[in-house]
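Enquirer: Any chance you could fold what I've pasted below:
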Amino acid sequence: MNKQVQQIKEISGVNPLKCMKCGKCSASCPNFENMDIPPHLFVSYVQNENIEALMASTSLEKCLSCFACVERCPRGVKPGQLIDAARQVYVRSRGQQMLSPDEIPALLDEETPQQLLMSAFRKYRR
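Expert: Residues are numbered from 1 along each chain as shown. Okay, here's the model as predicted:
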């Protein structure tokens, strides 16, 4: 198995083999028209280990991370989490590691909503 595929599966916690290709995830995606690889095909690319296409995809940037696809999936495949994990693998492959906890206070101001901080913590703690 490709190392990047393995990382995507580990980060997302998703088994893409559960996908039955019904397309409900893509049908519920509010940004479907702007994605070159829609959610249901993104799952297929992970299954087939077509990593080069995934890493070159604009879907990594275009995905809104709204997780409408996650809610609509009847099999619990969670395509949005796969896309988010692929985005993280892409960023890490370019050498752009995450912030250390010591760097964060310097980037905050008093106007930063606490909900934003908790949301970012949950999303990027992996």
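Enquirer: Next up, the contacts around Glu71.
Expert: Contact analysis of Glu71 by CB atoms under 8 Å, 6 or more residues apart in numbering lists Ser28. All C-beta spots, glycine's among them, are computed from the backbone N, C-alpha and C.
Enquirer: So for the one helix or strand it maps to, what gets flagged as buried?
Expert: Glu71 is located in helix 68-72, with elements delineated by DSSP states H and E. The neighbour-count check on helix 68-72 (16 or more other CB atoms under 10 Å) flags 68-70, 72 as buried.
Enquirer: and if you look at stretch 7-22?
Expert: Residues of stretch 7-22 classed as buried by neighbour count (16+ other CB under 10 Å): 7-9, 11-12, 14, 16, 19.
Enquirer: For Leu64, which three-state class applies?
Expert: Classification of Leu64 by DSSP: H, G, I helix; E, B strand; the rest coil places it in coil.
Enquirer: My guess is it contacts Phe32. True?
Expert: No: the pair Leu64 and Phe32 fails to qualify as a contact (CB atoms under 8 Å) at a distance of 10.5 Å.
Enquirer: out of these two, which sits in the busier spot?
Expert: Neighbour tally, Leu64 and Phe32, criterion other CB atoms under 10 Å: the higher count belongs to Phe32, 16 against 13.
Enquirer: Report pLDDT for that one.
Expert: We note a pLDDT of 91 for Phe32 in this prediction.
Enquirer: List the residues that contact it.
Expert: Under the criterion of CB under 8 Å, 6+ apart, the neighbours of Phe32 are 26, 38-39.
Enquirer: Apply 10 Å and report the result again.
Expert: When the contact criterion is CB atoms under 10 Å, 6 or more residues apart in numbering, the partners of Phe32 are 25-26, 38-40, 62, 68-69.
Enquirer: Now render the residues you listed as JSON lines, adding distance to Glu110.
Expert: Listed next are these as JSON lines, based on distance: CB to CB, whole Å:
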{"residue": "Cys25", "distance to Glu110": "39"}
{"residue": "Ser26", "distance to Glu110": "41"}
{"residue": "Pro38", "distance to Glu110": "40"}
{"residue": "Pro39", "distance to Glu110": "38"}
{"residue": "His40", "distance to Glu110": "43"}
{"residue": "Lys62", "distance to Glu110": "33"}
{"residue": "Ala68", "distance to Glu110": "33"}
{"residue": "Cys69", "distance to Glu110": "36"}
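Enquirer: Please consider this matter closed, and thank you.
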